[in-house]
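[1] predicted structure and sequence below. I'll ask about it afterward.
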Amino acid sequence: MRSLATAAAVLGIAALPAAAEATTYFNGSPTRGGYVIGSGYHIDTLQIFCAGKGYENRLLRFDTALRIGVSRKGRFSYSGTVYRYGPQGEPRGVHKGRLSGHLRRSRSVSIRWSLPGCGSGTSVAAVER
């Protein structure tokens, strides 16, 4: 009886949908890069790399504060708190930013952004394999 319950639990775990698995997208450009981890209809991690003005802001990274919902067609938008980091990864404060884009689950993600210190831009990140 116990082995039957164990086998049923193992088969139940194996039957989980593939959408629950996380997909990672990455573009390593320090001036228009992006890093995204998404699973199902959510983006759990979204980071933008951009170039600001002046030596102290030459390379910046912004992280979104919240999980972002993705529509069935793969579109998303975020307007709210972003955390800003400097060239060495040091915290540079909490700011407001806007991001939107399109997630192509099997290939890439395109992100349009408007961020303090970097202005506006677009990043395209491919799936990491």
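    All right, it came through fine.
[2] just the strands in this structure please.
    For the chain, the strands defined by DSSP state E cover 22-27, 32-39, 42-50, 60-64, 68-69, 75-85, 91-104, 108-115, 119-127.
[3] in a markdown table, list these along with mean neighbour count.
    To be clear about C-beta, it is placed using only N, CA and C from the backbone, and glycine gets the same treatment. Output for the strands of the chain, formatted as a markdown table (neighbours: other Cβ atoms under 10 Å):
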| stretch | mean neighbour count |
| --- | --- |
| strand 22-27 | 17 |
| strand 32-39 | 20 |
| strand 42-50 | 20 |
| strand 60-64 | 20 |
| strand 68-69 | 16 |
| strand 75-85 | 17 |
| strand 91-104 | 16 |
| strand 108-115 | 19 |
| strand 119-127 | 16 |
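[4] would you turn those strands into a markdown table with mean pLDDT?
    Formatted as a markdown table, these follow (pLDDT from 0 to 100):
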| stretch | mean pLDDT |
| --- | --- |
| strand 22-27 | 93 |
| strand 32-39 | 94 |
| strand 42-50 | 96 |
| strand 60-64 | 96 |
| strand 68-69 | 97 |
| strand 75-85 | 97 |
| strand 91-104 | 95 |
| strand 108-115 | 96 |
| strand 119-127 | 95 |
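[5] nearest residue to Ile111 other than its sequence neighbours?
    Using Cβ to Cβ, 6 or more residues apart in numbering and skipping the chain neighbours, the partner closest in space to Ile111 is Gly101 (4.1 Å).
[6] the one you found contacts Ser110, doesn't it?
    Yes. Between Gly101 and Ser110 a contact is recorded at 5.0 Å, counting by Cβ atoms under 8 Å.
[7] which residues are in contact with both of the two?
    Common neighbours of Gly101 and Ser110, using Cβ atoms under 8 Å, 6 or more residues apart in numbering, do not exist here.
[8] so what's Phe62 up against?
    Contacts of Phe62 by Cβ under 8 Å, 6+ apart are Gln47, Ile48, Cys50, Val82, Tyr83, Arg84, Tyr85, His95, Gly97, Trp113, Leu115, Cys118.
[9] Leu60 now?
    For Leu60, the contacting residues are Phe49, Cys50, Ala51, Gly52, Arg84, Tyr85, Gly86, Pro87, Arg92, Leu115, Gly117, Cys118, by Cβ under 8 Å, 6+ apart.
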